[in-house]
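[1] okay, here's the prediction I keep looking at, along with the sequence it came from:
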Amino acid sequence: MQVRFDDRAFSKVTLPHSVAGLSWQDWDPAAWEDRWIYRRHFSLPAAFRNRRVFLHFGAVMVRASPVINGHVLPDHLGGYLPFRMEITDWLTEGDNVLDVAVDSRWQNVPPEGSPQGPASIDYLEPGGITRAAAVDAVPRVFIRDVFAKPVKVLDSGRRLEVTCSVDGFSGGPVEIKTELIDGLRRISQSQRTVKLDPGGQTEVALPLANLGNVVLWDFDHPHLYDVVTTLTIHGKPVHDFRVKIGFREARFAVDGFFLNGGRLQIFGLDRHELYPYVGGAMPRRVLRRDAEILRRAFNCNMVRCSHYPPSEAFLDACDELGLMVWEELPGWQYLGDEAWRELAVRDVRDMVSRDRNHPSVVIWGVRINESRNDPELYRRTREVARSLDDSRPTSGSMTPSSMRNWRAEWHQDVFAFDDYHSAPDGSVGIREPLPGVPYILAETVGQFNYSQGKNFNAQYRRTADAALQQAQALRHAQAHDRAASFARCAGALAWCAFDYASLVNSFRGVKYPGVADVFRIPKLGAAFYLAQVSPQVRPVIAPGFYWDFGPEQPGGPGKNAAIFSNCERLELFLDGKPLATLLPDRTGFPHLRYPPFFCDLARGAGTPELRVDGYVGGGLALSKSFSSDRTKDQLMLGVDDAVLVADGSDATRLAFQIVDQFGAMRPFAGGDIHFELTGPGTIVGDNPFHLAESGGAGAVWIRTLPDSPGHIVVTAVHSVLGRKSAEITVRRPA
């Protein structure tokens, strides 16, 4: 590639970045399937001199071909895992030029490769440099990696097996010291003097013992420790490496899942790391928000990262929040040729190497999602995972097709099944666990049509039939209740948390199985999850219906309307008059901690007002009101974060929806919203935004500008309901 050419016509972008301009729907792979060039000029800081310099990319979709000052570096294939390349020998004292050719065309690399193209996998992959990138400088001899593995954490003789990888060669011996630190307190340390391998890679074991009583990591109290490893040469510390860990025992057994010795029913959702407008190219703050929604709003104790490794920002948040993680290699049903399979094995190696220090990760998915059995390939992926980390089990989702001969061809530690079938009454069916093996549900509910007993065409869109929308939360409740009825079932991960871009069983390029939409705004299906929390933490009243009597549902919510709540008793009032006293349906949902309530809410015309009072321990815990009078509707507008950083990539969601006078979601609302922004920021999203297409709710993201602190004001102007504004403070990077 030519180094010197006029690049003034290049667009200036900040990372992470998507090469295609996208809306929230109607994605067309032709928009990104091309070869793109990123270029960066940079000069080396004085601190980089006499050091080794590396390029580090968090992820590039899907082939990266870097060139530094005209020197061609090796290609990297695969869009979900990081890679680094040393560039020390090709740098200059003056202007350095880095070019990265990003080939986002369909490639022979997992999950891609099928001759059928993008329609062959159930998620779209917009191209670009979709995660952060950096130029790092390290000493000539440095610590490349540290794995700190807790061992026998429930025993008094618990220990920490620390393995340190040193890169480089020094003529004399070097000292390696590792310390376990809790805040300002050093708990244990180990130190060794070693001779480095002239080949440049040296593995050093530094076990830590005598740890005493450590604080365990669990989903309620996710305590984290620091492990700090220091390299010293000739008595001078030259490099240190820090990782965070947690002490916990996560064990899958034939009688369920056990966390720190106690049985815990897994209660979770599957998640795609895809967003409107940018695909996977969101900054750390936005990625972390997904973990907060899953753990704090939806009350999940586990998430399955489908069907590829997530960003490390998401895993960091899971560590800190106590959200357990199933992580799996990239793929969806298709198995390719030998070169493709080598990349799949490499992906397992890179995934485990990157994420084995995260206490939130409790299981490795080493099978391509829903693929046919391939004993030789999956023997290799399992062996690679275990060679790098023997402290976690392996698994991978199975289907009725692949389980037919599972005893001969399945060789994992945990049997994970995608259970999509109807019970005789047309509700959610859950099969009895297989005997003799640890068992978990990897998927259930989704878009499966339980009324028909076949097909995956139940699209839970806000613009779809109201009765279908109301059925979603009940189906998730049925799935988790029936999974919990089997003592040998570890639990269920239901499909799925958020809607996402796909060409498979989708509508205008969006698939609609999520209990929240692509904007992360809860749908009716989320009502069940919202209520699964102790009322001492927060009381919840979440109807599984819309209180509306418009043309889409003239009879109202119907005769068997569900209300999801963690209260002990509900009192309902219609226009201020007592309507009903409700108790949770513990007969129909005996295995849920907080079953739904049911009430006859079929009504005629008019604009009645509903009030629901929830009682706990004899006292009023929460009261919520709902209006069917559309003349009192209003526009609700709000940002997730009121303070951002002026680095050019930081961003926050600006969510908006049409609500009734009490703040409850109004279904089938329309109109257009135009946005006006003043201050150092930009809008990422559709402007104007057409609410009728999303059912009355949506979002854009507000992104900062590089080195531009100040004050942002965003005003949303609705075509009927007027103006609302939100404010954001933008601070300089620390």
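    Now that the structure is in, tell me what you want to look at.
[2] same for the helix or strand of the chain with the lowest mean pLDDT, what does it pack against?
    Ranked by mean pLDDT, DSSP states H and E, the weakest helix or strand in the chain is helix 406-409, scoring a mean of 92. If contacts are counted by 3 or more Cβ pairs under 8 Å, 6 or more residues apart in numbering; DSSP states H and E, helix 406-409 sits against no helix or strand. C-beta here means a position set from N, CA and C on the backbone, and glycine is covered the same way.
[3] tell me the buried residues in it?
    W406 (16 or more other Cβ atoms under 10 Å).
[4] convert it to CSV, retaining C-alpha atoms only.
    The C-alpha coordinates for helix 406-409 follow below in CSV (Å, rounded to 0.1, in the frame of the first residue of the first chain):
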residue,chain,number,x,y,z
TRP,A,406,-25.9,-37.5,21.7
ARG,A,407,-24.6,-40.5,23.8
ALA,A,408,-22.1,-41.4,21.1
GLU,A,409,-21.2,-37.9,19.7
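[5] was I right about G446 contacting W495?
    Yes - judged on Cβ atoms under 8 Å, G446 makes contact with W495 at a distance of 3.7 Å.
[6] quickly list what's touching both of these two.
    P513 (Cβ atoms under 8 Å, 6 or more residues apart in numbering).
[7] between these two, which one's more packed in?
    Counted by other Cβ atoms under 10 Å, G446 and W495 do not tie: W495 has more neighbours, with 26 against 21.
[8] the more buried one: what's it in contact with?
    Taking Cβ under 8 Å, 6+ apart, one finds 269-270, 443-447, 513 in contact with W495.
[9] which members of those are the farthest-apart pair?
    Farthest apart among those by Cβ to Cβ are L269 and Q447. That separation is 14.3 Å.
[10] the more surrounded of these two?
    It is L269, of L269 and Q447, that has more neighbours when counted by other Cβ under 10 Å, with 27 against 21.
[11] neighbours around the closest residue to that one other than its chain neighbours, how many?
    Using Cβ to Cβ, 6 or more residues apart in numbering and skipping the chain neighbours, the partner closest in space to L269 is A497 (4.1 Å). When counting by other Cβ under 10 Å, one arrives at 27 neighbours for A497.
[12] from R538, how far out is A497?
    Distance of A497 to R538, computed by Cβ to Cβ, to the nearest Å: 20 Å.
[13] again, but for K724
    26 Å.
[14] and the two? which has more neighbours close in?
    K724 (17 against 13).
[15] name whatever forms a beta bridge with the more buried one.
    A716 (DSSP bridges).
[16] M636 versus that one, what's the distance?
    8 Å.
[17] any residues in contact with both of the two?
    With Cβ under 8 Å, 6+ apart as the test, K724 and M636 both reach F656.
[18] burial of G256, as a residue count?
    22.
[19] contacts only, for it.
    G256 touches 263-265, 487-491, counting by Cβ under 8 Å, 6+ apart.
[20] rerun at 6 Å
    G256 sits next to 263, 490 when contact means Cβ atoms under 6 Å, 6 or more residues apart in numbering.
[21] ok, now which ones touch E693?
    Neighbours of E693 in contact, by Cβ under 6 Å, 6+ apart: none.
[22] before we move on, back to that, between the contacts of W495, which is closest to Y529?
    L269 (7.5 Å).
[23] I'd assumed that closest one was in a strand, is it?
    Yes - with DSSP: H, G, I helix; E, B strand; the rest coil as the criterion, L269 is part of a strand.
[24] tell me the confidence at it?
    Note on L269: pLDDT of 98.
[25] bridged to it, which residues?
    V303, A494.
[26] how much space between it and M324?
    Distance from L269 to M324, by Cβ to Cβ: 12 Å.
[27] same question, G70
    47 Å.
[28] out of these two, which sits in the more crowded spot?
    Between G70 and M324, M324 has the larger neighbour count (other Cβ under 10 Å), namely 27 against 12.
[29] doesn't V362 make contact with that one?
    Yes - between M324 and V362 there is a contact under Cβ atoms under 6 Å: 4.9 Å.
[30] low-scoring pLDDT stretches of this protein, where are they?
    Applying pLDDT under 70 to the chain flags residues 1-4.
[31] mind splitting it into its structural domains?
    29-138, 142-245, 558-628, 632-731 (automatic domain parsing).
[32] using TSV, lay out those together with distance to S11.
    TSV is the format used below for the domains of the chain (distance: least, Cβ to Cβ, whole Å):
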stretch	distance to S11
domain 29-138	10
domain 142-245	35
domain 558-628	47
domain 632-731	13
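[33] closest one to H307 among the ones you listed?
    Going by Cβ to Cβ, the one of these nearest H307 is domain 29-138, 6.7 Å.
[34] what about the closest one, distance to the chain center?
    Chain-centre distance of domain 29-138: 23 Å, with Cα atoms, centre = their mean, to the nearest Å.
[35] which residues in this protein form helices?
    284-292, 312-321, 338-355, 375-388, 406-409, 466-484, 527-530 (DSSP state H).
[36] residues in contact with the residue nearest to R603 when sequence neighbours are not counted?
    Closest residue to R603 apart from its sequence neighbours, by Cβ to Cβ, 6+ apart: G556 at 4.4 Å. By Cβ under 6 Å, 6+ apart, the residues touching G556 are 549, 601-603.
[37] how about the helices of the chain in JSON lines, adding distance to V141?
    Formatted as JSON lines, the helices of the chain follow (distance: least, Cβ to Cβ, whole Å):
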{"stretch": "helix 284-292", "distance to V141": "30"}
{"stretch": "helix 312-321", "distance to V141": "25"}
{"stretch": "helix 338-355", "distance to V141": "20"}
{"stretch": "helix 375-388", "distance to V141": "23"}
{"stretch": "helix 406-409", "distance to V141": "46"}
{"stretch": "helix 466-484", "distance to V141": "52"}
{"stretch": "helix 527-530", "distance to V141": "50"}
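[38] deepest of these, which one?
    helix 527-530 (a mean of 27; mean count of other Cβ atoms under 10 Å).
[39] and that helix, what does it pack against?
    helix 466-484 (3 or more Cβ pairs under 6 Å, 6 or more residues apart in numbering; DSSP states H and E).
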